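[1] just a sequence and a predicted model for now, questions to come.
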Amino acid sequence: MNTRDNKLSKKGSLKGLRPFRLNSSPSPFQGEGDKGGEVLRQPLNQLEGKIGSILDNYQSDKNLLVSILQDIQAEYNYLPREALTQISQDLGVPLSQVYSVATFFKAFSLKPRGRHIINVCLGTACHVRGATRILETIERELSIKPGDTTKDLKYTLETVNCVGACALGPIVIVDGKYSGQMKADKVKPLLENYD
Ligand code: FES
């Protein structure tokens with residue numbers, strides 16, 4: 001890893017990237033079958049072309065692996081298995097090393113994510129003001145649990161512990177936009193804002 005990657009590892013946080021416990025499974029895709037390919041919703045050659053152009057942007061510099069993964073995540077909202085395989089081959093980096101980096105940062109996802117990311121704050125201040133009820137309402141509306149993505153890949157639901165705006169709690173964050181003083185009856189109108 002170059003200086004930049006070392007910096008990332010040591011700080012463990014840059015541009016929203018947070019360290020993530022290494023997956024103990026030999027392959028994070030184990031048990032996923034061809035699920036990743038199914039949800040790509042584009043031909044494999046298109047993916048190869050897109051990944052190829054991202055690699056070109058970085059002149060296939062393996063020292064810039066984290067940046068390459070960030071660009072792929074920005075493009076697909078997650079890191080498709082096929083993309084990681086292609087990166088490994090093109091950069092000449094062992095697949096295990098690519099997985100190791102991809103699983104280190106919480107901001108990287110190996111599972112398909114929705115177009116819209118919903119975060120419900122469950123920190124103490126939000127909790128005492130009814131965050132759990134808000135979360136349950138969202139779960140009911142979308143028929144998913146935290147960590148899951150709706151079948152139409154529209155929403156991914158996540159929880160977070162305090163985002164530093166306790167006075168506004170309970171807080172729901174959609175695509176980085178904060179909605180404070182949430183109430184259960186505000187959930188549906190909020191979700192209707194998103195295509
Ligand atoms: S507990 Fe929710 S913002 Fe602090």
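    Arrived safely.
[2] what separates the nearest residue to residue 147 once chain neighbours are set aside from the ligand, distance-wise?
    Leaving aside its chain neighbours, residue 147 sits nearest to residue 158 (6.7 Å; criterion: CB to CB, 6 or more residues apart in numbering). For every residue, glycine as well, the C-beta is placed using N, CA and C. Distance, residue 158 to the ligand, using CB to the nearest ligand atom, to the nearest Å: 14 Å.
[3] can you pull the contacts of residue 158?
    Applying CB atoms under 8 Å, 6 or more residues apart in numbering to residue 158 gives the contacts 117-120, 146-147.
[4] 10 Å - rerun?
    Residues near residue 158 by CB atoms under 10 Å, 6 or more residues apart in numbering: 106, 113, 117-120, 146-149, 173.
[5] near the ligand, which residues of the protein show up?
    121, 123-126, 162-166, 169, 171 (CB under 6 Å from any ligand atom).
[6] what about the helices in this protein?
    3-11, 35-39, 44-57, 65-76, 81-91, 95-104, 124-128, 131-142, 184-191 (DSSP state H).
[7] can you redo these as JSON lines with mean neighbour count and mean pLDDT?
    Below are the helices of the chain laid out as JSON lines (neighbours: other CB atoms under 10 Å; pLDDT from 0 to 100):
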{"stretch": "helix 3-11", "mean neighbour count": "13", "mean pLDDT": "38"}
{"stretch": "helix 35-39", "mean neighbour count": "15", "mean pLDDT": "42"}
{"stretch": "helix 44-57", "mean neighbour count": "15", "mean pLDDT": "89"}
{"stretch": "helix 65-76", "mean neighbour count": "20", "mean pLDDT": "93"}
{"stretch": "helix 81-91", "mean neighbour count": "19", "mean pLDDT": "94"}
{"stretch": "helix 95-104", "mean neighbour count": "18", "mean pLDDT": "94"}
{"stretch": "helix 124-128", "mean neighbour count": "17", "mean pLDDT": "97"}
{"stretch": "helix 131-142", "mean neighbour count": "18", "mean pLDDT": "97"}
{"stretch": "helix 184-191", "mean neighbour count": "14", "mean pLDDT": "95"}
